[in-house]
Each structure stands twice: as C-alpha cells, then as structure tokens.
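Student: the sequence and its predicted three-dimensional model are supplied below.
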Number of protein chains: 2
Amino acid sequence: MARHMITFLPHDRKIEVDDGEILIRAAMETGVHINASCGGEGVCGKCRVIIEQGQVDDGLSERLSPEDIAKGYRLACLAKVRSDLVVRVPVESDVDSAVLNLQASPRHTARIRTFDLNQLKEQGLFIPPVEKKYLELPEPTAQDNIADVSRLLHHLKIEHNEHRLVMDLNVMRTLPDLLRQGNFKVTATIVRPVREDGKNKIVQIESGDTTDQNLAVAMDIGTTTIYGEVLDLNSGEVLSNYGDFNAQISYGEDVISRIVFSEKTNGLATLQTKVIETVNKVLGQIIKKAGIGRDEITTITLAGNSTMTQLLLGITPQYLRRAPYVPASNFYPPFAAADVGIDLAAHAIALVYPGVASYVGGDIVAGVMGSGMYRSDKLTLFMDIGTNAEIVIGNKDWMVCTAASAGPAFEGGGVTFGMRAARGAIEDFSIDLMTLEPMIMTIGNVRPKGICGSGLITIVARLFEAGVIDNRGKFNQALGLDRIRQREGVWEYVLVWQDATQIDRDISITEPDIDNLIRAKGAMYSAAQTLLEEVGLTIGDIEEVILAGGFGSYIDLEKAMTIGLLPEVDPNHVTYLGNSSLLGAKMSSFTNRLRRDVGEVVRMMTNFELAETPSYMDHYMGALFIPHTDLGAFPRLAARLELLKGVNR
Amino acid sequence: MARHMITFLPHDRKIEVDDGEILIRAAMETGVHINASCGGEGVCGKCRVIIEQGQVDDGLSERLSPEDIAKGYRLACLAKVRSDLVVRVPVESDVDSAVLNLQASPRHTARIRTFDLNQLKEQGLFIPPVEKKYLELPEPTAQDNIADVSRLLHHLKIEHNEHRLVMDLNVMRTLPDLLRQGNFKVTATIVRPVREDGKNKIVQIESGDTTDQNLAVAMDIGTTTIYGEVLDLNSGEVLSNYGDFNAQISYGEDVISRIVFSEKTNGLATLQTKVIETVNKVLGQIIKKAGIGRDEITTITLAGNSTMTQLLLGITPQYLRRAPYVPASNFYPPFAAADVGIDLAAHAIALVYPGVASYVGGDIVAGVMGSGMYRSDKLTLFMDIGTNAEIVIGNKDWMVCTAASAGPAFEGGGVTFGMRAARGAIEDFSIDLMTLEPMIMTIGNVRPKGICGSGLITIVARLFEAGVIDNRGKFNQALGLDRIRQREGVWEYVLVWQDATQIDRDISITEPDIDNLIRAKGAMYSAAQTLLEEVGLTIGDIEEVILAGGFGSYIDLEKAMTIGLLPEVDPNHVTYLGNSSLLGAKMSSFTNRLRRDVGEVVRMMTNFELAETPSYMDHYMGALFIPHTDLGAFPRLAARLELLKGVNR
C-alpha cells in the first residue's frame, strides 16, 4: 500500500501514513490538535484545515463555503490522504511555536510482541513435544516372534535411539491390527515428557507414513472469551484460529460470580459442561477452518486463570474466593482430553498451564512464558490490566507477583459514559492548550457514544496537562469554561455536546469517573511498588514493561505514564503481548524446552498477598494522585509540567 | 484330631492316619494292595482284611459270614479307623516278603507350597506396594496459603520423607473439600512404583485416619475358573476368597475356541464383557465375605494366560493362535480398574501380570514368581500340567521356557472312560503283582464312573510295573488274563466289572488311552529335554521340580516318574504350587520388591518355540515309551524293574 508523508503547519510535525488514511487521525497520531468533537462524521464542522500541497479525497461539507473550498479548506475528519501533503491547521494567532510543540506528544502505543517462530528456531527452541516417527518394522517370523509392543519398542530403540518409552492400553489395543494392516509399516506419535526424567509416551499408531501430519491445539480459556488455534508442529505454522464467548457467561460476568454459582447444587457440573461446550465449539471451528481430521490432533494446551482452570477440570473453585485464597493445585498432570469431555480422540493429551496462586493463574504464567521475561537480564514489569490486575516483576534470577483488584474502570465500568472498546467509543482525545477545546477520535470514526478504557486514560492525562484538573482529579473551576459545570452536585467536563453525539445527551467526564480511574491505576501502580519494596528495589529500577490484557495495545503509553498507571520508562521499552495466555499456550505447544521451563517459572514466581503486606496501603494512598505524590519518579512529566506552566492561557 | 498308627501285616508297613479314615485308603497310601474294585461301597466284597488288634467302626457287610466277622474280618473299604490297629491282609501263601515289599511304593504326592507370609516377613520382602499415611496438615493462613496439593505434597516430603509424588485429577477433585471437612487431617493412600525410578502415586485421600484399612485384591483369571482374594496389606492376611466359572465358558472351553469366537462380529467385546462380569461377580462375593467397603480396595492384581489377559483388556487375541504366534505385549501398564469395567472405585489401580509369549502367559510368570525358582541356586523344572503344558527351566541366573500341546489326556479327554477329577473318578490304583487283581480308589469312595488324570497316571504306571503292559503301552496278551481282552479291535484291561460300577458297562483302559497318555507325557518330558539341550544340560541335572496346574496336587509322584512324565528326582524335591497364578498375584500384592522382580523374571525367561527347535521331534520320539528309551535317566525305576523280574507270576 502506498504511503504518504504529511507535514502539519505551523507545528511542522511530519507523519507518514497509509494511502486513504483519514487526515484528522494522522494529526492525532502525531500530536497535532485540531478542534473536533463529532468523531469524524463532519457534523460539528470544527476540524477545518487548509490543504496547501497535495491531494485529498472528500473532506467537503456544506459547513464549508465555496470560497473556503476554493482556498483549500477541508474538514480533516472527512478528508482521505491520497498523496504527500502539506496541511495548515488554523491556530490562534498568538500561539508561539513553543506552545505548539508542547501541545501534544505523539501517540505511542506499545509495540506488539507477536509469536516469532523464526526466533524460536534460531534459538534452537523449536523442539515440538510431539514427534512422529515412521517405522518399517521387520515382520515377525517363527524365529522372531516377540510381542508386537516389544517389536515396536525394540525398533524405536535400535533404529531411532528412543528410550524410556511407554504406551497406554488404548494404543496397545490398536496395535496388533494396525501393524498387520500396514504390513508392519506404521507411524508412531511420541509425546515427550515435560521433565527430562519422564517417559516418552507413544500416544498413537497409524498405518503407513503420516509424519507430514503433526497437529496440536493451543487454547486460551478466558473468563469472557475462549480462543483456539490449530498448530502444525512440523512447520510451526498456525493453521487456523477462532474465538467465541465462554458459554459460562450467562452464569456471571466475572470469576467471583462464577464461583458463587459453582457453589449451588450442580453449579460446578453446569459450569464445567458450559466451558467444555465452548471449548468443543471453538475446536469444531478451528478443525473445520484448518481442513484437518479431528483425530490428527495429539495434544491440546490450555491456559486460563485459576477459576477457569478449576472449573474446566471440575475442581471446586470455592476456596479461591475465600480467605486465605487457596487454589486446589498449582500443577495439573497431563490427562486424556476426552476424560473431561473435550471432543478429541482418545489418544489426545491435554496439558493445563500451571498457576501460582488463586489470582495469579495459568494465564499469567503463560504470559510470563510468552514474554520471555524469565530469561531476560532486565528488570521487567509485567502488567495484565483489567478488573483483576496481575503484576509480575523480575528477571531471569527471580520473580515476584501479585494480584490487585483495580475495579472495572479500565473496562468502562463505574464511569458515567464508560463503554467497552466498540464502535463509537472515544478512544483518543486532545485538548487545545489555549482554548481548552477538545479533539475527539472514536472507534470507527462515527459520532461518539461513550468512553472506552484507553480513551479514559488519555482524556484524564490531557485534562491534567492542560490544567483542567489538578493532581487530585478535581476540576479547575476558576477557568470559567462552559464545558466545566456542576450537575446534581457532581462536577464534570463536557467532552461532546449533545448534537454531535449518537445519544441524546452531552457526553462528559465527571470527578467520580476520574476518581475511579485514579483508584484503579493507583491500585496497580502501588501493587508494583509494594512488590519492588519486598525485594529491596524501587519503581525507578524498572527497565522493561510488558502489557497484557484486553486493551493493552490501545493504551497511549505516554498518557498512561502521565496519569501514573505505568512507571515512566522509555516507551520503546514497553511491549504488548496481545493474548498472552494464548501466546504462552502456543509457545509451549511448539517447544518442549519451554514446556519444561513452565515448571521452573512457577517455582520462581513468589506470590505476595497485598492484603498481607502492610506497606501496600501506604503506597496505595500515595498513588491516588496524578501521577503520584512522588513526582520525582516521573521526571519527563515533571519537566513537561514545568514547561506547561509557561503557557499563558 | 486324634491320630492312629496302623500296622499292615504281613507287609509290616505302618502309617499314621486321622481318626475316622477309611481303612482301605490307609492301605493305598502306604502301598499295601488289597483287591478292591467298587471304590468303597462294599459292593464287590473283595477287600477283606482281619483286624488283629484295635478298633474300627463299620466294615460289616452281608458279604461277610458271621464266622468271618467273629474272626475279625471286615471290608477295608467300609471300616473306619478308631484306634491304633494291627490289620492282616490275606495274601497268596507263596508270596514271599520280597514280593510284598515290591508290591507298591507308598503313595507320595507333592508337598504343597502355600503362601508363607512369615517367610516373606523374615526375608524383609513384606513391603506392600500400597501404603497409607495419616497426615495432620497445618491449616492454611493468610501467610501460608499455598495450593492444597502443594500443602499435601510438602508435608509428605518434610514429615514423611516422601518424594517423587504424583496425583491424578480425580484425586485432586476430592482434595479441597476433604481437607476442609477433616480439618486438614487426612489419610493419603500412596501406590509405590514398580520400578524404583518411577513415581509414588497418591491414589486416594480420605478424611481422618483410615490407616487401619489397606486392602487389595489378587485374582487369577483362568480359562475355566476365576479366583479372587481380598488381602489385608497391613497384616498380610487373606480376608476372603471365592472362585467362579469364567462366564466366557459358554463361548468355548479352551483358549483356542475363545480366540475363534473373538474374531466374530462383536466377539471380542462379548468375551471382554463376560470375563469382566465374572471378575465383578467374584469381587462382589469376596467383598461381601470380607465385610469391607468396595471403595477401600486400592489395587487389584490380575494374572492369566495370554489369551485371558488380552480378552480382559479388550485386545484382539487372534494373532496368538496364528503362526508365528505373537502376543500383543508382554507388559501392560497399570490402569484404572474402572476403565475396563471392573467395579471398583475410580482410584483403584489394576496391575496385570506380564507374560513371555503367546503360550507362556502371566499365569506362568506368576507361578515362577510364586515358586521363587528365579531366586534359587538349584536347577529347577517348573511344569504346569494341562492340555497346554508350560515348562520353565532355570534358576537365579537364567530361565528358559516353552509351551507344549499335551492334548487333553490329563484332563480326561481322549480317554475312553476319562473324566474330570470329580466324585466317582478312579483316582488311585494298585495291582497285585501275583494275581494281577486291581485295587481301585475313587474320589468320594463311591462306585467308579471313570478315570481322572492322576488316576490314569497311576494305572498306567502300575500296569507297566506289573508287566501287564510293555514299554510301548501294549498289553501282554500272553498273561491270559480275562481282564485283558480285545473289543472292536481294541485291546483293553478291565479295571472294574460292570456290576461294581455306577455305569452299566465295564470300566476299562484301552491301548489308545495309554497311547494318548504316553503322547501327552512324552510331549512334556521332551519339551523339558529340548529346553535343557538348548542350554547344554540334560534331564539328569534337574534338582527341583515344581508342579502347577489343576491336578498337580493329586499326582502320585513316583508313578509320574515311572511313566516318564516327571524326571526321576527325589520326590521330596517336588513341590506343588496350588493355584500358582493366584499365588503369584497375591505375593506381588504384598511385596513391592517382588513386583519389581516380575519385570526381571519376564526378561530372564527366554522362550523357545518347540516347532522351531529341530531336536524336539527326536526327543519326542524317544519319550513315546514307558518311561523312555533312555532308561538310564530313571535309575530307581530301572533297579525296581530288575527286582520285579524276579517275581514269579
């Protein structure tokens, strides 16, 4: 796809974008503020810019006069980039270039760390735990009539240097006929042990040479969604993927309500049935999409939080939610997938990711595996941001972890106009430092309906920088803005007036909304501080940050640091893991070495219960500010705030 | 019970018997011949003896005159011993004492080797593979909230020095609730690995202290009969036992017909269902008799021949009966008993005795285990006598084995008046060296119906010694006896005239009968010879003989040596194992060390296929004589035959 260079004047900021990009989005990306509140439908008509050089499509509106159009005016929210451009943004005449530069930092989201098969291969880690061996056995004779199993094992030992082999009854049952049907030419599927002193398990025998088919499934058992992938263990490729809502969702949205339901009569059985139902639905889809036979799948690796894991296995989760919060087990043995109702062949083995504690489950361990932080020299902060926030800190020598209850603010809960990240959600925001007029971007470039988690972070960060709110999240009523107002005793800032929304109300952000966000980010930040203190370090020692969780890829990192959600590190040292649970499940499907590491990782991860760590409350109180009582930990922000003081509004 | 000493005159043979013993049986036991053919019902009236001293009950008959009775005559087949006795047997006047002494060797059956718990304990071998540990775990606290499984394993490690522990999902499922119901005081049942490098498996958790209940089952899966025992692993006691016919029997009497049936549609499934049905029936009975709970049984050890084993496990046995006779496997992994339909709790583990070859199965390995021959310095011959005869030769350094088809003669098949060992079967026999008149003993002391296997051996041995048949089993027609006659072209010796039988015919033994026996014993003897030759030894090197199989305890050893079924060793060096399969299953239930030995035993046992061993046919031809072409291997018999030549008939 063609790329075009856009230069915004008078800011003189440049950005390269894809052909067809909406102009206002390019501005937002590079930190150029253009007043705009309708999300991109041309309704408010505020986002007027002059195309000085180059070509755009669209951008016309009845809100522009023929003269304006002749002068090159276009609405930035409608104009599509078709060539290199020079675009002038009309600004107040007395704005000097210093203010223009202060106006906004470019949008910067975390680099997404995806599954890198080549790296795995280069590191010599691509050693699939399931191997197929094609065997041409000598046919039995009167002089050589050892048992079929002995013949097979002997051949594997002598010709393939395979040792410590075991075979279950179900495979033995198939062996005599298969050997003779295939003239003693068969393929044996061998599952490697997780621990080196374990056994190599022959899980399937097939007639003829089927070594070109070696398939596994990785699956993330999320509280909300279950994702699966079919993996080709020979090539390392993902053949198909699919995700669907966890059918347990009708019994409660979060883990606590699921646990409560599980305690009712037949509750546990019902929830197990439901999750298996979804697992089988996802399996059916990925098998269909990959165009493979169900029986060709030999292993399924599952990762989920402790509640999801125990429900899947039919183990009561009730003690997870009751002090002192004890999981049934950290490790689960491999088992026949069919034993819990997973619709795979009898020989398919299920591997369940181990967890560390009631609220640091297999999904987090999978994330840590996927992140590679346990093999890094650098002090790394792993954050899974959500209602239940999990935090892991450490490196190749040690790791500590904990879980904090952040509340639902990041997912749009407890926020007046909060919503999930969906079409119409305000996902980005800028504010003119002089006029304090907003610039609004929505998912799908449609008129706004509400605010999603990443949008909320950016809004609060920009309002703080612009001095609209103070470091306690309270509005500066002295500004005398009509957008700042009190309704029913609650102070708020109007983001979008009613006529530019999809709803018949003004969309605003209130002080209680901001307070909820501060408490959510404060819980996470102080959890990290507390963990660090336990190991004699401080937040300043963090070198790398790894984000996981549903909306980590959307967070504008600089803004997240501004509000004190993330420690202030070089944004280039922040990566986002995507579906970290699925990533971990996939990685350990592909490499036996990493499967072994999982056990080590769990043993390395020392869990702290925040409720049992007295200093947590102190840290939490300190974190209930923007960014924090300790501004010294945010030197870039401190310098910027210093400059912003000079802006004469 | 009171014991009485009986002295038979003029033989001057003495024997001590229980109060109430039938007098004629005492005579037979000590080798004193008394003409008798009605089996003990007083019908033939021939067994007249004079009670010279002491007291008998009964023994009166209308066949005795009042004068006879007054003189002390009684019928030996009716008289019951009530005190020490001196009994005179009327004999021909010209019989000298040398002939009397030659007349018969005392009956000598093999010493029965039973399960000797004390010996096992003395040898330090009583180390049950299942142990229960009572644990008082610390209750979890906020400071110590590790997972339930970790808590249990940690405690076992620290307080009980238990390592390499594993636990299946089904146990994990029960753990959280059980721990809390029992205030964290529980009993863990641990199954030890067969191999030392294996895992210790926690198979059950119970609330409170249940260490006094530690139960296992041993079971012999016979083609005809299934025997089971409940074992107390704490004390080593057998709490109950029961045997029942294998319900497969309606699908064929022997293994070959079962295999043939298994090849029909649903045949395998039907036979598996049937054998499991009987296993469950036997289980039900022994559980009931022992007064225990079904769930208290943690292991079941099963031993059977290769066909029975494969049918039980649902593995097609069809290749067992087709050249080159390949079993599916020698070793079978431990599995959940419930997985094949055995009606035990989910945690109960089934252990199946390994086999060596298609016709040297787990029952024989169990017998070898039970016999201890693999730990002996002495060169031992193990013989399981039956239609399919299995032979093992060796000692602690090496073992060789084979199976020979002996035909059904030992079980009464292919013998004109052959029958199983049941009431009315002729089980013992003597012949007057002068008159060649027989003495007949039947099972149950009733009139004869037929001849059982052990009876057949004795009859042929005595007929040979008395010169009634020659070393090819042909009748000496020159004797001019009316008992030797030809009917429908077949020569025979009448054992019992019609009026003394339960059937309306004379009971006889024919030349074809004798021929069948010679071929059966020849097959076994020559199999042993062939095996010995393979290892550079001869039959004369045998030091110990161990008999197994249904009728081993009834065989009169000296007679079996006379016909050349057994090599001529000191009868005191012959032992009988009883149900050797059950014995082995029981022993390895009680001692983990012996379970480990089983694998070694199987690897030590080198199987030879007789059909592939050219010298077998030569040995077989030589063994088709009484006792053998090589009389030098039977020095005691040769000396006796020399003396018998002097008897002037």
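Tutor: Perfect, thanks for sending it. Residues are numbered from 1 along each chain as shown, chains lettered A, B, ... in the order given.
Student: quick one: secondary structure of residue A:90?
Tutor: coil (DSSP: H, G, I helix; E, B strand; the rest coil).
Student: over to residue A:600: give its phi and psi.
Tutor: The phi and psi values for residue A:600, taken as degrees, to the nearest 10, are phi -60, psi -40.
Student: so what's the residue count around it?
Tutor: When neighbours are counted by other Cβ atoms under 10 Å in any protein chain shown, residue A:600 registers 10. (Glycine included, C-beta is placed from N, CA and C.)
Student: do residue A:212 as well
Tutor: For residue A:212, using other Cβ under 10 Å, the count is 11.
Student: can you check residue A:16 too?
Tutor: 13.
Student: these two touch, right, it and residue A:3?
Tutor: Yes. At 5.2 Å, residue A:16 counts as touching residue A:3 under the criterion of Cβ atoms under 8 Å.
Student: so residue A:525 is in which element?
Tutor: Secondary structure from DSSP states H and E places residue A:525 in helix A:511-534.
Student: low pLDDT regions in chain A?
Tutor: A:92-101, A:103-104, A:648-649 (pLDDT under 70).
Student: so what are the domain limits for it?
Tutor: A:1-90, A:129-207, A:215-365, A:376-406+A:524-579+A:603-644 (automatic domain parsing).
Student: can you count the residues close to the closest residue to chain B within the stretch 501-649 of chain A?
Tutor: Nearest residue of the stretch 501-649 of chain A to chain B (Cβ to the nearest Cβ) works out as residue A:612 at 4.8 Å. The local packing of residue A:612 (other Cβ under 10 Å) involves 13 other residues.
Student: tell me who's in contact with the closest residue to residue A:46 other than its chain neighbours.
Tutor: The shortest distance from residue A:46 to any residue other than its chain neighbours is 4.3 Å, reached at residue A:35 (Cβ to Cβ, 6 or more residues apart in numbering or on different chains). Residue A:35 sits next to A:46, A:47, A:432, A:435, A:437, A:438, A:439 when contact means Cβ atoms under 8 Å, 6 or more residues apart in numbering or on different chains.
Student: which SSE is the fourth one in?
Tutor: No secondary structure element spans residue A:435, as it lies outside all helices and strands (assigned by DSSP H and E).
Student: could you check how far it is from residue A:42?
Tutor: 21 Å (Cβ to Cβ, to the nearest Å).
Student: the two: which has the busier surroundings?
Tutor: residue A:42 (21 against 15).
Student: secondary structure class for that one?
Tutor: Residue A:42 is classified as coil under three-state DSSP.
Student: just checking, it touches residue A:75?
Tutor: Yes. With contact defined as Cβ under 8 Å, residue A:42 counts as touching residue A:75 (5.1 Å).
Student: between those two, which contacts overlap?
Tutor: A:61, A:63.
Student: quick one on the thing from earlier: could I get the contacting residues of the residue of the stretch 501-649 of chain A closest to chain B?
Tutor: So residue A:612 contacts B:142, B:143 (Cβ under 8 Å, 6+ apart).
Student: and for residue A:322?
Tutor: By Cβ under 8 Å, 6+ apart, the contact list for residue A:322 is empty.
Student: helix, strand, or coil at it?
Tutor: Residue A:322 ends up coil, using three-state DSSP.
Student: do the same with residue A:276
Tutor: Going by three-state DSSP: residue A:276 is helix.
Student: surely residue A:50 touches residue A:73?
Tutor: Yes. Between residue A:50 and residue A:73 there is a contact at 5.7 Å, judged by Cβ under 8 Å.
Student: same drill for these two, tell me which one is more crowded.
Tutor: residue A:73 (20 against 15).
Student: how far away is the more buried one from chain B?
Tutor: Using Cβ to the nearest Cβ, to the nearest Å, residue A:73 is found at 65 Å from chain B.
Student: with residue A:30 instead?
Tutor: When Cβ to the nearest Cβ is the yardstick, residue A:30 and chain B sit 49 Å from each other.
Student: and if you look at residue A:262?
Tutor: 12 Å.
Student: please convert the domains of chain A to TSV, extending it with distance to residue B:84.
Tutor: Output for those, formatted as TSV (distance: least, Cβ to Cβ, whole Å):
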stretch	distance to residue B:84
domain A:1-90	118
domain A:129-207	60
domain A:215-365	70
domain A:376-406+A:524-579+A:603-644	80
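Student: out of those, nearest to residue B:528?
Tutor: Closest to residue B:528 of the domains of chain A, according to Cβ to Cβ: domain A:129-207, at 21.0 Å.
Student: what's the first-to-last distance across the closest one?
Tutor: 22 Å (Cα to Cα, to the nearest Å).
Student: all helices of the stretch 501-649 of chain A, in order?
Tutor: A:511-534, A:557-562, A:580-590, A:592-604, A:615-622, A:635-644 (DSSP state H, counting those that start in this stretch).
Student: columns distance to chain B on top of those, output as CSV?
Tutor: Formatted as CSV, the helices of the stretch 501-649 of chain A follow (distance: least, Cβ to the nearest Cβ, whole Å):
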stretch, distance to chain B
helix A:511-534, 14
helix A:557-562, 31
helix A:580-590, 19
helix A:592-604, 10
helix A:615-622, 13
helix A:635-644, 37
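Student: just name the most buried of the ones you listed.
Tutor: Among the helices of the stretch 501-649 of chain A, the stretch with the highest mean neighbour count (mean count of other Cβ atoms under 10 Å in any protein chain shown) is helix A:580-590, at a mean of 28.
Student: tell me which other helices or strands it touches.
Tutor: helix A:117-122, strand A:215-221, strand A:225-232, strand A:297-304, helix A:362-371, helix A:592-604 (3 or more Cβ pairs under 8 Å, 6 or more residues apart in numbering or on different chains; DSSP states H and E).
Student: between the ones you listed, which one is closest to residue B:27.
Tutor: That would be strand A:297-304 among the helices and strands packed on helix A:580-590, by Cβ to Cβ, at 72.9 Å.
Student: tell me the helices and strands packed up against the closest one.
Tutor: Using 3+ Cβ pairs under 8 Å, 6+ apart, strand A:297-304 sits against strand A:185-191, strand A:215-221, helix A:267-290, helix A:306-313, strand A:349-352, helix A:362-371, helix A:580-590.
Student: how far off centre is the fourth one?
Tutor: In other words, helix A:306-313. Mean-position distance between helix A:306-313 and its chain equals 20 Å (Cα atoms, centre = their mean, to the nearest Å).
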